[in-house]
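K.L.:
After the sequence you'll find the predicted model.
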Amino acid sequence: MRLIPLSYDKKKKPELIAEINELNSEKQRLQQEIKFVETSKENFENEKRNLEDKLESKEKKIEELFLDKEVLLKEKAVILESKNDILEQIKDKELQLQQKDQKINDLREKFKKSSSELLTKSMQIDKMIKKDKEVVGSEKIKEFEEKIRELEKELENTYHEQKEEIEKSAEGSTRIISNMEDIVLLLKKVLPQAKSTVRLVMPNIQDLSDHGLIDLIKEIPDKVRLNVASEISDPARNIVVSDLRNCCQLTNYSDKKIIALNVDSSKCLIGIFIHDKVISIYSEILEVIEMLNPTIMEPFIKGRRI
């Protein structure tokens, strides 16, 4: 082992101390830099998280704006479609009104004529009775009196029947329906009459099957735009949805329990359920249809198309 002279160690000591001090200074400097880097890294992570939160918030806002835009465009399309349907039916309604006016006039003339004929026959029988009282027996008189009563009854019935028919033609067809059986019968009668558009609302999609409406819907011509709205719990697995997907536009809607129908904007039905009982109004009067139509359109605007 080589021994370093003591004099040599004494000479190197100041240099070693200086190196040690320099290394300590370098160590402190590196520690400060490490601390600064760690602090900068933490600040960077916080800033990154803040930016990610802002980005997520912006993305959600953009998504909401797109949804709002989609809803507005859907509402606009539905409103324009409804407006076109109404304009398309105005001419038909004017023609129907003219035909009804003519029918009213014909019925009035027919009523006047039949009333006059019955009254004439009654007067003739009265004259015959007065003329033949002296030459006929009591049985003959009773026979004539019975004929008078029959003619009077016939006159009264004719009057009421033709009066009701005239009033119905003058006022249009509007009525209240308060049971589901009659509503279903009306749906089955009116749906095949569609020429351009149909909007049908049922409480649940299964109601179409329960009330025997599926085959009827399938028979509606392809040229008719058919829209159906109802509650659909599992669209992907629903048998009725699979059966009707290719013949109509389905909309999933469950906000309100209603039943409604609009055919060509000329026939309209809307009903509400109160304690499992239904009450509805049906009308073919344009003013009434325009009043009810916004309620019928609501499920198609607020619902989700399938």
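P.N.:
Thanks, I have the structure now.

K.L.:
Show me what counts as buried in stretch 294-306.
P.N.:
Using 16 or more other C-beta atoms under 10 Å as the test for burial, stretch 294-306 gives I296, M297, E298, P299, F300, I301, K302, G303, I306. The C-beta positions use only the backbone N, C-alpha and C, and glycine is treated the same way.

K.L.:
contacts for that stretch?
P.N.:
71, 74-75, 78-79, 82, 199, 201, 227, 229, 232, 235, 241, 245, 249-253, 255-256, 258, 260-262, 268, 270 (C-beta atoms under 8 Å, 6 or more residues apart in numbering).

K.L.:
Kindly report the same for stretch 210-217.
P.N.:
The list of residues contacting stretch 210-217 from outside it, by C-beta under 8 Å, 6+ apart, reads 184, 187-188, 191-192, 200, 207-208, 226, 228, 240, 243-244, 247-248.

K.L.:
Quick check: of the buried residues of stretch 294-306, which lies closest to E56?
P.N.:
Nearest to E56 among those: K302, at 27.4 Å, using C-beta to C-beta.

K.L.:
Quick check: the closest one vs D53, distance?
P.N.:
32 Å (C-beta to C-beta, to the nearest Å).

K.L.:
got it, and M291?
P.N.:
49 Å.

K.L.:
do K188 as well
P.N.:
Counting by C-beta to C-beta - K188 and D53 are separated by 57 Å.

K.L.:
ok, now which ones touch the nearest residue to I279 once chain neighbours are set aside?
P.N.:
Using C-beta to C-beta, 6 or more residues apart in numbering and skipping the chain neighbours, the partner closest in space to I279 is S178 (5.0 Å). Contacts for S178 (C-beta under 8 Å, 6+ apart) come out as K277, V278, I279, S280.

K.L.:
likewise F66?
P.N.:
Listed by C-beta under 8 Å, 6+ apart, the contact set of F66 is empty.

K.L.:
Could you do C268 as well?
P.N.:
Counting by C-beta under 8 Å, 6+ apart, C268 touches L261, N262, Y282, S283, E284, V288, I289, L292, N293, I296.

K.L.:
Just those: which are in strands?
P.N.:
By the criterion of DSSP state E, membership of those in strands covers L261, N262, Y282, S283.

K.L.:
Please name the nearest non-neighbouring residue to the last one.
P.N.:
Leaving aside its sequence neighbours, S283 sits nearest to T174 (C-beta to C-beta, 6+ apart; 4.1 Å).

K.L.:
Local confidence estimate at that neighbour?
P.N.:
We have a pLDDT of 83 for T174.

K.L.:
What ranges in the stretch 1-150 of the chain fall below the confidence cut-off?
P.N.:
Along the stretch 1-150 of the chain, the parts satisfying pLDDT under 70 run over 1-11, 82-83, 86-87, 89-90, 93-94, 97, 100-101, 103-142, 144-145, 147-149.

K.L.:
And the helices in it, which stretches?
P.N.:
6-132, 138-171 (DSSP state H, counting those that start in this stretch).

K.L.:
Report the next helix or strand after the shortest one in sequence order.
P.N.:
In the C-terminal direction, the helix or strand that comes right after helix 138-171 (DSSP states H and E) is strand 174-177.

K.L.:
Show me what the following helix or strand past that next one packs onto, helices and strands only.
P.N.:
Per DSSP H and E, the first helix or strand lying C-terminal to strand 174-177 is helix 180-190. When contacts are defined as 3 or more C-beta pairs under 8 Å, 6 or more residues apart in numbering; DSSP states H and E, helix 180-190 sits against strand 258-263, strand 267-274, strand 277-283.

K.L.:
just to revisit the earlier point, just the buried residues out of the contacts of C268, in PyMOL syntax.
P.N.:
In PyMOL, this line selects whichever of those come out buried by 16+ other C-beta under 10 Å:
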select buried, resi 261+262+282+283+284+289+292+293+296
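
K.L.:
which among the contacts of C268 gets closest to N21?
P.N.:
Checking the contacts of C268 against N21 with C-beta to C-beta, the nearest one is I296 at 91.7 Å.

K.L.:
How many residues are close by L286?
P.N.:
Neighbours of L286 under the rule other C-beta atoms under 10 Å: 19.

K.L.:
how near is it to K91?
P.N.:
L286 is 12 Å from K91, by C-beta to C-beta.

K.L.:
Could I get the buried residue list for stretch 199-217?
P.N.:
By neighbour count with 16+ other C-beta under 10 Å, stretch 199-217 contains the buried residues 199-203, 205-208, 211, 213-214, 217.
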